[in-house]
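Engineer: how does the following fold in three dimensions:
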Amino acid sequence: MHSITRIKLSIMMFLEFFIWGAWFVTLGTFLGNNLKASDLESASVFSTQSFGAIIAPFIIGMIADKYFNAERILGILHLVGAVLMYQMYQSTEVGTFYPYVFAYMVAYMPTLALVNSVSFRQMKNPEKEFSTIRVWGTLGWIAAGLSISYIFHWDSAEGIGQGLLRNTFLMAGVASAILGVYSFLLPKTPPVKSEGSSSVSEILGLDAIKLLKSRDFLIFFLASVLICIPLAFYYQNANPFLTDVGLENPTGKMTIGQISEVLFLLLLPVFFSKYGFKKTILVGMVAWAVRYVLFAYGNAGELSFMLIIGIALHGICYDFFFVSGQIYTDARAGEKYKSSAQGLVTLATYGVGMLIGFWVAGYIGEYYRGAGAENLWQSIWLVPAGIAAVVALLFLLLFRDQKTPKAEVPAFEPETDRSPAVTSLP
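Structural biologist: You can find the predicted model right below:
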């Protein structure tokens, strides 16, 4: 790949995930402090990610892949996103904020697949080249978090008190406008002409539903959906929790999670080959329970190390479960159903599983606040800890670790890249 093309794609990836990291991490804190949203109202807002993820495959699979250049659609969607971000920046109540964030998620989620499409089409050897491009997306996400905490101080007690968190939408909107214009300068990526047309069932991965006839794959599938409930608690509550307990620069410190993803992904092939799928995925499940126990009993004072360890466990939580699950799915599906199987699992997890998880988190938060819980956050975090522990126990007892064909660990693609909208992902 030409060096100029590599630079262009790296900038594209950096901006793509800078935009997401610039507002999504602090969304829960913004909703509670700026818009005075209840837990259920916050759940409704976070659920737009799942709805966007469910809708996005249709945009990519039935429109973008067939009729338009990927870079042009990418540009248009980000320009639309910039306008919607500005509307979110101006919103003063949840009722006016919700339609804009819903429309934004429908526009943004397809871009996760589009940046991959633009990248892959320029590569001669994606297995070796993609990771060096994709890592700039992680750097963009980290840069956004560090900027919020250490440059602008929008998530400080003073900043939150002055309502400065709303500026995160303005920052994301400016970045979205820049990427929207910049996308038209990217290498041309015309649609690939193929015989026939993709059916709805193929796009959503429903062709692979027959794999659920296998008892072990069914258990893994159900465990994947259920473990997304604790994951939703993290997205929805982590930043508000860290802010409430008084941890300094919470958004910046949460980037430790992305750094740990990179590190643990490097260890995953060794662990996976030595201990097998079942033990690897169990470690991931147990890590979810451990991190929430650490959140439940840690504080911003002398026990702040427990909060930091809980954040750092994100690499194990995500890589050891979700990436291992992708490897397992790839191996069990066989050549015929590989793409469909990955689509089915991602749709069920980030579409259905996360949707359930956001609402469970909302109801739990609402319940304990209404009950006047003495240790509110401890009560909240022990719920996902218990869910993760139960899922791990059931998986341990019911899943048989049969030998599967060897599958390669995929190129580095951190959590922020995995979504049912990303139909081109393995």
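
Engineer: which parts of the helix or strand hosting residue 57 are buried?
Structural biologist: Take DSSP states H and E as the rule and residue 57 turns out to sit in helix 39-59. When burial is assessed from 16 or more other CB atoms under 10 Å, helix 39-59 yields the following buried residues: 39, 41-50, 52-59. Where C-beta positions appear, they are placed from N, C-alpha and C, glycine not excepted.

Engineer: just read off the phi/psi values of residue 249.
Structural biologist: phi 50, psi 50 (degrees, to the nearest 10).

Engineer: burial measure for the closest residue to it other than its chain neighbours, as a count.
Structural biologist: Spatial nearest neighbour of residue 249, chain neighbours left out: residue 149 (3.7 Å); criterion: CB to CB, 6 or more residues apart in numbering. A count of nearby residues for residue 149, using other CB atoms under 10 Å, gives 22.

Engineer: following the chain past the worst-scoring helix or strand of the chain on mean pLDDT, name the next helix or strand.
Structural biologist: Of all helical and strand segments in the chain, the minimum by mean pLDDT, DSSP states H and E falls on helix 200-203, at a mean of 61. Scanning forward in sequence from helix 200-203 by DSSP H and E, the next helix or strand is helix 215-244.

Engineer: can you give me the mean pLDDT across the next helix or strand after that next one?
Structural biologist: Later in the chain than helix 215-244, the nearest helix or strand by DSSP H and E is helix 250-254. Across helix 250-254, pLDDT averages out at 97.

Engineer: show me what helix 250-254 is packed up against.
Structural biologist: Using 3 or more CB pairs under 8 Å, 6 or more residues apart in numbering; DSSP states H and E as the contact criterion, the elements in contact with helix 250-254 are helix 126-146, helix 215-244, helix 304-312.

Engineer: need the residues that contact the following helix or strand past the last one.
Structural biologist: The one in question is helix 304-312. Scanning forward in sequence from helix 304-312 by DSSP H and E, the next helix or strand is helix 314-318. Here helix 314-318 makes contact (CB atoms under 8 Å, 6 or more residues apart in numbering) with 231, 234, 256-265, 283-284, 287-288, 291, 414-415.

Engineer: circling back: dump the helices and strands packed on helix 250-254 into a markdown table; add mean pLDDT as well.
Structural biologist: Converted to a markdown table, these look like this (pLDDT from 0 to 100):
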| stretch | mean pLDDT |
| --- | --- |
| helix 126-146 | 90 |
| helix 215-244 | 95 |
| helix 304-312 | 97 |
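
Engineer: and residue 356, which of those is closest to it?
Structural biologist: Nearest to residue 356 among these is helix 215-244; the distance by CB to CB comes to 6.1 Å.

Engineer: could you pull out the buried residues of that closest one?
Structural biologist: For helix 215-244, by 16+ other CB under 10 Å, it's 216-217, 219-244.

Engineer: what is it packed up against?
Structural biologist: Using 3+ CB pairs under 8 Å, 6+ apart: helix 215-244 touches helix 27-33, helix 39-59, helix 250-254, helix 256-297, helix 324-346, helix 354-370, helix 376-398.

Engineer: for residue 122, find the nearest of those.
Structural biologist: helix 324-346 (20.9 Å).

Engineer: chain center to that closest one: distance?
Structural biologist: 19 Å (CA atoms, centre = their mean, to the nearest Å).

Engineer: just the angle between it and helix 39-59, please?
Structural biologist: 80 degrees (axes from the mean of the first three to the mean of the last three CA atoms, to 10 degrees).

Engineer: report all helices and strands that helix 324-346 contacts.
Structural biologist: Judged by 3+ CB pairs under 8 Å, 6+ apart, the packing partners of helix 324-346 are helix 215-244, helix 256-297.

Engineer: name the helices or strands packed onto the last one?
Structural biologist: Okay, so that is helix 256-297. Using 3+ CB pairs under 8 Å, 6+ apart, helix 256-297 sits against helix 126-146, helix 215-244, helix 304-312, helix 314-318, helix 324-346, helix 376-398.

Engineer: could you list the low-pLDDT ranges of this structure?
Structural biologist: Counting by pLDDT under 70, the low-confidence segments of the chain come to 60-66, 192-207, 335-336, 338-339, 402-426.

Engineer: wait, residue 379 sits on residue 373?
Structural biologist: Yes: with contacts counted by CB atoms under 8 Å, residue 379 reaches residue 373, the gap being 4.5 Å.

Engineer: neighbour-wise, which of those two wins?
Structural biologist: Using other CB under 10 Å, the more surrounded residue of residue 379 and residue 373 is residue 379, with 17 against 13.

Engineer: what's near enough to touch the more buried one?
Structural biologist: Counted by CB under 8 Å, 6+ apart, residue 379 has contacts 368, 373.

Engineer: dump the residue contacts of the nearest residue to residue 386 once chain neighbours are set aside.
Structural biologist: Nearest residue to residue 386, sequence neighbours excluded (CB to CB, 6+ apart): residue 289, at 7.6 Å. By CB under 8 Å, 6+ apart, residue 289 lies in contact with 230, 385, 386, 388, 389, 392.

Engineer: again, only this time at 7 Å
Structural biologist: 385, 388, 389, 392 (CB atoms under 7 Å, 6 or more residues apart in numbering).

Engineer: need the residues you listed in CSV (columns: neighbour count).
Structural biologist: Formatted as CSV, the contacts of residue 289 follow (neighbours: other CB atoms under 10 Å):
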residue, neighbour count
385, 21
388, 28
389, 18
392, 22
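
Engineer: of those, which is the nearest to residue 67?
Structural biologist: residue 388 (43.0 Å).

Engineer: could you give the number of residues near residue 288?
Structural biologist: So residue 288, with other CB under 10 Å, has 29 neighbours.

Engineer: residue 264 touches residue 319, doesn't it?
Structural biologist: Yes: using CB atoms under 7 Å, residue 264 is in contact with residue 319, at 4.6 Å.

Engineer: OK, contacts around the nearest residue to residue 292 once chain neighbours are set aside?
Structural biologist: Of all residues not flanking residue 292 in the chain, residue 385 sits nearest, at 3.7 Å (CB to CB, 6+ apart). By CB under 7 Å, 6+ apart, residue 385 lies in contact with 289, 292, 293, 296.

Engineer: the same query, at a cut-off of 8 Å, please.
Structural biologist: Counting by CB under 8 Å, 6+ apart, residue 385 makes contact with 230, 288, 289, 290, 292, 293, 296.

Engineer: now render those as CSV, adding distance to residue 401.
Structural biologist: Below are the contacts of residue 385 laid out as CSV (distance: CB to CB, whole Å):
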residue, distance to residue 401
230, 23
288, 20
289, 20
290, 22
292, 26
293, 26
296, 31
